[in-house]
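Participant: Show me how the following folds:
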Amino acid sequence: MILNFGSINLDLVYRVPHLPAPGETLASSSFMRYLGGKGINQSIAVARAGGTVHHIGCLGPDGGWLREQIAGFGLSLDGIATVDVPTGHAVIFVDEAAENQIVLFGGSNHAFTQDQIDRALAQASAEDWVLLQNETNLVPYVAQTAKARGLKVAYSAAPFDAVAVREVLDHIDLLALNEGEAAALASDLGRGASDLGLDHVLITKGADGAELHSADQVFHQGSFAVESIDTTGAGDTFLGAFMARFVDGDVAHALEFAAAASALQVTRQGAAAAIPDKAEVEAFLRVR
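Facilitator: Prediction:
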């Protein structure tokens, strides 16, 4: 099982002719609202890829619609607390080239308590993984407590903050970042992915695929050529799908499966709603 201590957002998505420049006012050609947030996107990706996931998160009193959406994806609501601050949300601009620009409001995602974390970790077994991102508070506490309990910890270093990464490096087993984040971290630490002393470092490279640094071996995975409509949530889909298969022990298959899942996801609009299920990914791979 994967215990994901992750963000839950209301995504407000605006389609624009191009990403706005400083001081520019743009007319949007469409508006949609979606369930989003790096954490819940990753949990949905794990579940849709056939993995077992328990999401731990926080919603404000205004989060009723999001609860309905989460339940609709087949995830349990047992680990999701209601807190007295507004639900986190994201304002997302998507341009004609499918590139995006995102502004986050943390809100309820910063309302985790140590008691909530301790209760969730007390349910874990030794073979379970904990998954973390930078959109919630108390990330170092979760990582340290999980490791002290003998659990494996995977950490997505996004939104990127070098200080936040340094705080958890000694308490994680898998670090996931994109190519730009990996370069920024290497510049900050003075050492690259292979020199971090971690069991696994996963680096996604967009159209250039991904690579996993594990011990003395580097696994490479190319990307699949598709026509992108919206790249929002593609990285979350990749990581969630990867973790669902990675816990089974087949690294090469996990990378290929994740690449296919994220390729399918960007051909659809939205984030969580666009994540393909296991059958769709397997069908896609059969014809590639």
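Participant: Secondary structure element holding the residue positioned nearest the centre of the chain?
Facilitator: The structure's the chain has its C-alpha centroid closest to Asp236; by C-alpha atoms, centre = their mean the separation is 3.4 Å. Per DSSP states H and E, Asp236 falls inside helix 234-246.
Participant: How about Gly51?
Facilitator: Using DSSP H and E, Gly51 is not contained in any helix or strand.
Participant: Roughly how far does the nearest residue to it once chain neighbours are set aside sit from Gly72?
Facilitator: Excluding the flanking residues, the one nearest Gly51 by C-beta to C-beta, 6 or more residues apart in numbering is Ala244, at 3.0 Å. Every residue, glycine included, has its C-beta placed from N, CA and C. Relative to Gly72, Ala244 is positioned 19 Å away (C-beta to C-beta, to the nearest Å).
Participant: Give the next helix or strand downstream of the helix or strand of the chain with the lowest mean pLDDT.
Facilitator: Of all helical and strand segments in the chain, the minimum by mean pLDDT, DSSP states H and E falls on strand 100-105, at a mean of 89. Downstream of strand 100-105, the first helix or strand assigned by DSSP H and E is helix 114-121.
Participant: And that next one, what's buried?
Facilitator: 116-117, 120-121 (16 or more other C-beta atoms under 10 Å).
Participant: How many residues are close by Ala143?
Facilitator: Ala143 has 24 neighbouring residues, counting by other C-beta atoms under 10 Å.
Participant: part of a helix, is it?
Facilitator: Yes: assessed by DSSP: H, G, I helix; E, B strand; the rest coil, Ala143 belongs to a helix.
Participant: Can you give me the neighbour number for the nearest residue to it once chain neighbours are set aside?
Facilitator: Spatially, and ignoring its direct neighbours in sequence, Ala143 is nearest to His171 (3.9 Å; C-beta to C-beta, 6+ apart). Using other C-beta under 10 Å, His171 is surrounded by 20 other residues.
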